[in-house]
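**Q** need a 3D model of the sequence below.
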Amino acid sequence: MNKMTFTKTLAFVAACLLVASTASAYQLLSPARTWDCSPDVIVDNRGQSSISDADGGVGATVGAITSNQSWNGAVSGTLLTAQAGSMSGYTLGDGIPMLNFQDPINACKGSCLAATFTGYYDQRQDGSYRIFDADIVTNGGYSWTSLSENDGCSSEFYIEGVQVHEVGHLLGLGHSGVNGSTMYPSVSSCNNGPASIANDDAAGIQALYGNSGPSCSGNPGGNPGGGCDLAQKGDSCTNDSDCCSNKCKGPNGGKTCK
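**A** Down below sits the predicted model:
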């Protein structure tokens, strides 16, 4: 049975190799950082070419990363939302978190299944750190499957479990040393266990966001970083930097924060 490593990335790609003796629990990215508002992840609407379900794993991925079996089940609020969308504007650091089924940056090589760019954060006025973007790439050199396929799994990797792991990085988690947790740094083929978070994963998310997840005003989900003083969803804006979500959309003269 093949066993491959997940990868997270900071400003540059940094492969995290499996160390068999590791026994530590969840790890937060350093410095610890959180989203002010629940990120809306754009999932590659082209699908993954090796997945033979109806849409190349798009719906399976959207469903998995927003499921109550994964990160949204760790808190009473909503940690993230997701929707299918185009990757034509895929740009690191633009404030729009995207999950790409390809790897246009050529960042994920060798035993890397997928990678998340987590180096896009800044400092709040109170000294804590705010995530304003995180983007995922996927290694197309491997064979992928989804639970939506009707032919089972044969030496393939489940897109659901791998992408739930990567979204853990997007939310602010590092790798865990707890075997069987979603954030454990490696996974075997035909093992979709990481699609359902373990107690260790939930504890890590709660350490970041409290029990209610991020909110766009006040103290975000119990995070000691405090709230966001910028424009909220629906407020008028002129550019992305005006908004807590870092997303200012619409026609000139009529833009609002999304």
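**Q** so where's the stretch 101-250 of the chain shaky on pLDDT?
**A** 217-233, 241, 244-245 (pLDDT under 70).
**Q** all the strands of it, residue numbers only.
**A** For the stretch 101-250 of the chain, applying DSSP state E, counting those that start in this stretch gives strands covering 114-123, 129-138, 144-145, 157-158, 186-188, 248-249.
**Q** stretch 106-120 spans what distance, first to last residue?
**A** 19 Å (CA to CA, to the nearest Å).
**Q** how far off centre is that stretch?
**A** Centroid separation for stretch 106-120 versus its chain: 12 Å, with CA atoms, centre = their mean, to the nearest Å.
**Q** and what of stretch 111-121?
**A** Offset of stretch 111-121 from its chain centre (CA atoms, centre = their mean): 9 Å.
**Q** coming back round to it: got the strands of the stretch 101-250 of the chain as a markdown table, with mean neighbour count columns?
**A** Where you see a C-beta, it was placed from the backbone N, CA and C, and this is true even at glycine. Output for those, formatted as a markdown table (neighbours: other CB atoms under 10 Å):
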| stretch | mean neighbour count |
| --- | --- |
| strand 114-123 | 20 |
| strand 129-138 | 24 |
| strand 144-145 | 25 |
| strand 157-158 | 26 |
| strand 186-188 | 17 |
| strand 248-249 | 17 |
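**Q** nearest to residue 172, of those strands?
**A** In terms of CB to CB, the element of the strands of the stretch 101-250 of the chain nearest to residue 172 is strand 129-138, at 6.5 Å.
**Q** and that closest one, how far out from the chain's middle?
**A** Worked out by CA atoms, centre = their mean, strand 129-138 lies 7 Å from the chain centre.
**Q** with stretch 104-113 instead?
**A** 16 Å.
**Q** which of the residues in that stretch are buried?
**A** 107, 108, 111, 112, 113 (16 or more other CB atoms under 10 Å).
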